[in-house]
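Asks: The following comprises the amino acid sequence and a computationally predicted model.
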Amino acid sequence: MSNPGNAPAQSNTFGVVSLVLGIVGVVGGIFIALIGIIAGIIGLVLGILARKRGGSRGTVLAGIILSAVAIVIGIVGYILTAVILTQS
């Protein structure tokens, strides 16, 4: 509950969502590459927006890093799938 004279607590929603999407992207990207790429891109964009808004540095940075890793995992998944399918 906020008092009228106090400023409301700063929310870090974008940073938390970026972190969650980064985790989902890394875990999901191992099994389905498309999930890693989509969750990673959205998480990366939200992490950058959260960083510009001045959110919690640790959460935002972790979200950005995990989202970038999710994108890389998704791309590697697509490459491995293409290599396996062309060897048939």
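Replies: Looks like it came in fine.

Asks: Can you show me the strands along the chain?
Replies: In the chain, no segments count as strands under DSSP state E.

Asks: Which residue ranges of it form helices?
Replies: Here the chain has its helices, by DSSP state H, at 13-31, 33-53, 57-86.

Asks: Next, the angle from the first one to helix 33-53.
Replies: What it means is helix 13-31. Relative orientation of helix 13-31 versus helix 33-53 (axes from the mean of the first three to the mean of the last three Cα atoms, to 10 degrees): 160 degrees.

Asks: which sections of this structure are below the confidence cut-off?
Replies: 1-10, 88 (pLDDT under 70).

Asks: could you redo the last one with a cut-off of 90?
Replies: Within the chain, the ranges that satisfy pLDDT under 90 run 1-12, 53-57, 88.

Asks: hang on, the earlier thing: got JSON lines for the helices of the chain, with mean neighbour count too?
Replies: To be clear about C-beta, it is placed using only N, CA and C from the backbone, and glycine gets the same treatment. Formatted as JSON lines, the helices of the chain follow (neighbours: other Cβ atoms under 10 Å):
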{"stretch": "helix 13-31", "mean neighbour count": "21"}
{"stretch": "helix 33-53", "mean neighbour count": "20"}
{"stretch": "helix 57-86", "mean neighbour count": "17"}
